[in-house]
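Chemist: all I have is the shape, not the residue letters:
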DNA sequence: ACAAAAGTGTTGCGCCTACACCCATGC
DNA sequence: GCATGGGTGTAGGCGCAACACTTTTGT
């Protein structure tokens, strides 16, 4: 069982952060992600995912959250482990990266600096990244699009109160196609994922829209027995199942 | 970004191996997993998941496969990364474990020794395990049960040729409930996941059953952009979608 | 003949799609 | 009044669950 000395492997965390912001051309909601510019040797000057080393006294998720706050000043609404990348040649030195993905809503996105070190990019128009980060981003987006259809993570993109049109906009941005407003409404209202409030919008040049809020008793996603032993009231139900495929059943 | 020196963290791999074998009481197919007895200090004498250290020149999945062969003599039909566990206190020393899960079919299960060092246990009746391995096993089984409903991994439990009744038995064992043979047949036949052969069973005291084989052009699961850059012909389609929930839509 | 599992037919129901239509507000 | 999106109604179709029924073997 015991192999060669393993102390030469270092452990890092990185996070793919995704937020919804207006597309510069169309104005429609689109996926954006903040990237950081590398200032040290491997891939110096390239853009890369925010991250850093795991401290000796940090759990992995804690470490991801800490590096996130340090590098991009984000405290995400949703944070989930994506995958562990550990190919031998993915870095000049041997590094195993535990990669997380995070969803932030617009308020939080504001706190991210947009300067020489950190910049927001459209998720599908980012420059070539350092290390194997291109592949990682691609996988994160694939996972996001899949998970959208069987969880409530769409809500993690929005603020406290939102209209059904805004929620639908999230789905449309992530799935890349329009959805029927009438049918979307019925599907999402049949679940208990969101709760209506008494408030409505106003000032638009059309009928006011009711504002909804996330059901606080439900987590954004059901990660099963992995639910942190803390006080998460994860019930496994009501997910707005089949927004996704008009075409034949596809894998996840 | 750079934190304290991270060289004190060691990286290990472990694997939850699952196979289908008859239940000792009922004879019906049931989930079994081989565990190894620890022979060194932390948790010496306890049962634990097979695994070991990641070598400096090994990729993570290669390492998992290698440790698997060394400890349990298994070359699994299906191997997928499950999760990275890295809580600070999960081991006396600081260890980050990249955990995989593997499915083996009966032939391969034969090659696993069943002796003082390695023993097969019913998946839901195993003894208390070393480290956080109880939690890991629980998560692996949850993932297996979920993934069963939107992938073809059930076939990884079976040999080259199998009847629809055998395939249905896999689903029934994993999901823990019976399925209607007629509806199951139609659902699975509508996909191109399995192909009929000319062969049939014989010797049973009832009508012979046609033998099927896995469609070699399809991977057991679609892991998206993570598909190893090698020659996997992963097409993303035809998964036998809704065997699962008679009750309200549940999370994954 | 009978048991038992393989395999086929049929019906009902729920959900999803598409699209027509009404409602309430700003201008 | 009119444009615009919010919100409701409704008909068609597909897929699944349930279960009756036929087929083919071994004993």
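Modeler: Noted; the coordinates are in hand. Computed from a predicted structure; not experimentally measured.

Chemist: touching chain B at all, stretch A:104-112?
Modeler: No - against chain B, stretch A:104-112 shows no contacts by C-beta under 8 Å from any C-beta of the partner chain, the least distance being 15.8 Å. In short, each C-beta sits where N, CA and C put it, glycine included.

Chemist: contacts for that stretch, please.
Modeler: A:17-21, A:32, A:34, A:72-77, A:118, A:120, A:156-159 (C-beta atoms under 8 Å, 6 or more residues apart in numbering or on different chains).

Chemist: mark which of these are buried, thanks.
Modeler: A:17-20, A:32, A:34, A:72, A:74, A:76-77, A:118, A:120, A:156-158 (16 or more other C-beta atoms under 10 Å in any protein chain shown).

Chemist: would you map the helices across the stretch 1-150 of chain A?
Modeler: Using DSSP state H, counting those that start in this stretch, the helices of the stretch 1-150 of chain A run over residues A:60-72, A:106-110, A:133-148.

Chemist: ok, the stretch 151-252 of chain A next?
Modeler: A:164-175, A:181-190.

Chemist: do the first one and chain B meet at all?
Modeler: No - figure legend: helix A:164-175 not in contact with chain B (C-beta under 8 Å from any C-beta); closest approach 14.6 Å.

Chemist: does DNA strand D sit close to that helix?
Modeler: Yes - using C-beta under 7 Å from any atom of the strand, helix A:164-175 reaches DNA strand D at A:164, A:165.

Chemist: relative to helix A:133-148, how tilted is that helix?
Modeler: Angle between the axes of helix A:164-175 and helix A:133-148 is 140 degrees (criterion: axes from the mean of the first three to the mean of the last three C-alpha atoms, to 10 degrees).

Chemist: my read: residue A:42 touches residue A:130, true?
Modeler: Yes - contact criterion C-beta atoms under 8 Å: residue A:42 and residue A:130 qualify, at 7.0 Å.

Chemist: who's more crowded, those two?
Modeler: residue A:130 (19 against 13; other C-beta atoms under 10 Å in any protein chain shown).

Chemist: so that one is in contact with residue A:50, correct?
Modeler: No - assessed by C-beta under 8 Å, residue A:130 is found out of contact with residue A:50, at 11.7 Å.

Chemist: domain ranges for chain A?
Modeler: Under the assignment automatic domain parsing, the domains of chain A span A:10-147, A:159-243.

Chemist: between the ones you listed, which one is nearest to residue B:197?
Modeler: domain A:10-147 (33.1 Å; C-beta to C-beta).

Chemist: what's the first-to-last distance across that closest one?
Modeler: 30 Å (C-alpha to C-alpha, to the nearest Å).

Chemist: cool, and stretch A:67-77?
Modeler: 15 Å.

Chemist: cool, and stretch A:170-180?
Modeler: Length of stretch A:170-180, first residue to last, C-alpha to C-alpha: 13 Å.

Chemist: just the helices of the stretch 151-252 of chain A: most buried one?
Modeler: helix A:164-175 (a mean of 20; mean count of other C-beta atoms under 10 Å in any protein chain shown).

Chemist: which elements pack onto that helix?
Modeler: Judged by 3 or more C-beta pairs under 8 Å, 6 or more residues apart in numbering or on different chains; DSSP states H and E, helix A:164-175 is in contact with strand A:10-22, strand A:29-37, helix A:133-148, helix A:181-190, strand A:210-214.

Chemist: mind running it again at 10 Å?
Modeler: Applying 3 or more C-beta pairs under 10 Å, 6 or more residues apart in numbering or on different chains; DSSP states H and E, one finds that helix A:164-175 contacts strand A:10-22, strand A:29-37, helix A:133-148, helix A:181-190, strand A:194-200, strand A:210-214.

Chemist: now do the buried residues in the one helix or strand in chain A whose mean pLDDT sits lowest.
Modeler: When the helices and strands of chain A are scored by mean pLDDT, DSSP states H and E, helix A:106-110 comes last with a mean of 84. By neighbour count on 16+ other C-beta under 10 Å, the buried set for helix A:106-110 is A:108, A:109.

Chemist: and the domains of chain A: which comes nearest DNA strand C?
Modeler: Nearest of the domains of chain A to DNA strand C, taken as C-beta to the nearest atom of the strand: domain A:159-243 at 3.3 Å.

Chemist: anything in that closest one near DNA strand C?
Modeler: Yes - contact between domain A:159-243 and DNA strand C, assessed by C-beta under 7 Å from any atom of the strand, occurs at A:180, A:182-183, A:186-187, A:202-208, A:241-243.

Chemist: pull the most distant pair out of the buried ones among the contacts of stretch A:104-112.
Modeler: Every pair of the buried ones among the contacts of stretch A:104-112 checked by C-beta to C-beta; the farthest is A:118 and A:158, at 22.9 Å.

Chemist: could I get the contacting residues of the closest residue to residue A:145 other than its chain neighbours?
Modeler: Nearest non-adjacent residue to residue A:145, counting by C-beta to C-beta, 6 or more residues apart in numbering or on different chains: residue A:174, 5.7 Å away. By C-beta atoms under 10 Å, 6 or more residues apart in numbering or on different chains, the contact list for residue A:174 reads A:18, A:20, A:29-31, A:123, A:141, A:144-149, A:153-154, A:157, A:243.

Chemist: go with 7 Å
Modeler: Contact analysis of residue A:174 by C-beta atoms under 7 Å, 6 or more residues apart in numbering or on different chains lists A:31, A:144, A:145, A:148.

Chemist: same deal with residue A:213?
Modeler: Per C-beta under 7 Å, 6+ apart, neighbours of residue A:213: A:160, A:161, A:194, A:195, A:197.

Chemist: check residue A:125 too.
Modeler: By C-beta under 7 Å, 6+ apart, no residues touch residue A:125.

Chemist: pLDDT score for the closest residue to residue A:224 other than its chain neighbours?
Modeler: Of all residues beyond its chain neighbours, the one nearest residue A:224 is residue B:142 (3.9 Å), with distances taken as C-beta to C-beta, 6+ apart. Looking at residue B:142, its pLDDT reads 95.

Chemist: and the gap between residue B:142 and DNA strand D?
Modeler: According to C-beta to the nearest atom of the strand, to the nearest Å, residue B:142 stands 20 Å off from DNA strand D.

Chemist: that residue against residue A:225, yeah?
Modeler: Yes - with contact defined as C-beta atoms under 7 Å, residue B:142 counts as touching residue A:225 (5.4 Å).

Chemist: between the contacts of residue A:174, which is nearest residue A:61?
Modeler: Distances from residue A:61 to the contacts of residue A:174, taken by C-beta to C-beta, are shortest for residue A:144, at 18.1 Å.

Chemist: what about that closest one, neighbour count?
Modeler: Neighbour count of residue A:144, defined by other C-beta under 10 Å: 19.

Chemist: got the contact list for it?
Modeler: Contacts of residue A:144 (C-beta under 7 Å, 6+ apart): A:18, A:174.

Chemist: now tell me what touches stretch A:78-94 from outside.
Modeler: For stretch A:78-94, contacts defined as C-beta under 7 Å, 6+ apart pick out A:8-10, A:16, A:42, A:61, A:64-65, A:96-103, A:131-132, A:136, A:139-140, A:143, A:153, A:156, A:220, B:56-60, B:81, B:83-84, B:98, B:226.
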